[in-house]
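J.: Just to be clear, the model below is a prediction. Sequence and coordinates:
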Amino acid sequence: MTSSIITNRIRSVSDDDEEIIEFLMRRNRPRVFRNRIDHINKWNDIEFFRRFRMKKTTFMYILGKIENTLSTAKRMTSITPMQKLLVALRFYATGNFLITAGELVGISEPSACRIVQQVTHALAELRPDYVKMPQNVEEIRQVSYHFYKIAKMPRVIGAIDCTHIRIHSPGGENAEYFRNRKGYFSMNVQTVADANLQILDIVVRWPGSVHDQTIFLNSKLKTDLENGRFGNNLLVADSGYANSQHVITPLLQTNNRVEELYNESLIRTRNVVERQYGVWKRRFPILSFGFRIKLETTMAAIVACAVLFNITRSLDGEEPPDDHEARNFIVVQEAPSQTPVHANINQQFTARNRLLNDYFPSLLDGNGQ
């Protein structure tokens, strides 16, 4: 009846009123709610882990950290914080398929996009609590001790490197800055790993054409090292970085057993950051497949995946299931090779030379290897 009355009135009003009438007619249509699956109870622990890359208990822990933030959103009030987090996790797990993520809880692709953006920023805001370098003397001691157990390299508080995360071309006059040496658009992301593969530090703001050393030279971490925040402790790195008082890299050529021992120890110690990238990208395959969303959200999503990675490493322990498609893509997406950075004129004063002159000869003399 109401719809008929409104339709009759259309003939007697001006064209300017048509939008108002259309709105009134929409209000009288019954709203259709899609059935939404209870994914917590539907899946057993193994299936839930495979779909959302974490245990149910870990999911509930993370939900508790961001639930209030997600509840304050003015839009999409019919979608619960739990459903929003499920959508975002499915997005990170499936490699950029917003339609697939949206179908998870019966929402449209645009709604899924807004939800992913909201959850991503909420997770990224947890970074100070979950992605951080050792904060005091005892934490520094613990981190360096676990590194020492790998291959007897002393005073190491992190293994540093960069990895390329594929992105869609951002467009504009600066787009080519994001094209790396392998020809695809990417963000060059710097991380520091501890011996247990936790991400201690992350820098997500540099385009793919930028050299690893440049990212480090402009990082807060370098300033903290130079200001003595971590004492005389060290980062281990590959030849894409320059040796300094706080960063040690492999020798490009070895001439004796001491130098061979140094290289063997450093390479084994530094390998944790390579393993970190592999496990991180298997945990959240979108890091392998790449992002096709706006750049700001992409950067926040990379940080969010770092936060989630550290939480899941601490609470779940086990590594994610091996996704063969993602694994093959990771091989293709390895970071472009870097030109070795040669030591400067003050090389004789670097931490590397002190280790070569004092520490590693003592290991040989004492049969410490």
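T.: On my side now, so go ahead.

J.: can you give me the helices for the stretch 51-200 of the chain?
T.: 56-71, 81-94, 98-103, 109-124, 127-130, 137-151 (DSSP state H, counting those that start in this stretch).

J.: Tabulate the ones you listed (a markdown table), appending mean pLDDT.
T.: What follows is the helices of the stretch 51-200 of the chain, written out as a markdown table (pLDDT from 0 to 100):
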| stretch | mean pLDDT |
| --- | --- |
| helix 56-71 | 95 |
| helix 81-94 | 92 |
| helix 98-103 | 52 |
| helix 109-124 | 91 |
| helix 127-130 | 98 |
| helix 137-151 | 98 |
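
J.: Deepest in the core, which of these is it.
T.: The highest average neighbour count among the helices of the stretch 51-200 of the chain, using mean count of other C-beta atoms under 10 Å, belongs to helix 81-94 at a mean of 23. Yep, even glycine has a C-beta here, placed from its N, CA and C like the rest.

J.: quick one: Asp161 and Asn271 touch, right?
T.: No. Counting by C-beta atoms under 8 Å, Asp161 stays clear of Asn271, with 10.2 Å between them.

J.: Would you mind telling me which of the two has more residues around it?
T.: Each of Asp161 and Asn271 has its neighbours counted (other C-beta atoms under 10 Å); Asp161 has more, 25 against 15.

J.: Look up the closest residue to that one, ignoring the ones flanking it.
T.: Val273 (4.5 Å; C-beta to C-beta, 6 or more residues apart in numbering).

J.: what's near enough to touch that neighbour?
T.: Under the criterion of C-beta atoms under 8 Å, 6 or more residues apart in numbering, the neighbours of Val273 are Ala159, Ile160, Asp161, Thr191, Val192, Ala193.

J.: quick one: which of the residues you listed has the most company?
T.: Ala159 (28 neighbours).

J.: Enumerate the beta-bridge partners assigned to that one.
T.: Ala193, Val236 (DSSP bridges).

J.: ok now do it, which residues does it touch?
T.: Contacts of Ala159 (C-beta under 8 Å, 6+ apart): 147, 192-194, 235-237, 269-273, 276.

J.: Check the contacts of Val273 against Leu363 and report the nearest one.
T.: Ala159 (20.2 Å; C-beta to C-beta).

J.: How confident was the prediction at the closest one?
T.: Ala159 is assigned 99 on the pLDDT scale.

J.: cool, and the one 10 residues further on?
T.: Looking at Ser169, its pLDDT is 94.

J.: That one and Val204: what is the separation?
T.: 18 Å (C-beta to C-beta, to the nearest Å).

J.: Those two: which is more packed in?
T.: Taking neighbours as other C-beta under 10 Å, Ser169 and Val204 compare with Val204 leading, 19 against 13.

J.: That one against Met187, yeah?
T.: Yes. At 6.3 Å, Val204 counts as touching Met187 under the criterion of C-beta under 8 Å.

J.: what's the overlap in contacts for the two?
T.: Shared contacts of Val204 and Met187 (C-beta under 8 Å, 6+ apart): Met299, Ile302.

J.: and Pro361, that's in a strand?
T.: No. Remark: Pro361 does not belong to a strand; assigned using DSSP: H, G, I helix; E, B strand; the rest coil, it is helix.

J.: Leaving out sequence neighbours, find the closest residue to it.
T.: Distances taken as C-beta to C-beta, 6+ apart put Val258 closest to Pro361, at 5.4 Å, once the chain neighbours are dropped.

J.: tell me the contacts of the one you found?
T.: Leu356, Phe360, Pro361, Leu364.

J.: export these to TSV and tack on neighbour count and pLDDT?
T.: TSV is the format used below for the contacts of Val258 (neighbours: other C-beta atoms under 10 Å; pLDDT from 0 to 100):
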residue	neighbour count	pLDDT
Leu356	18	95
Phe360	24	96
Pro361	16	95
Leu364	13	85
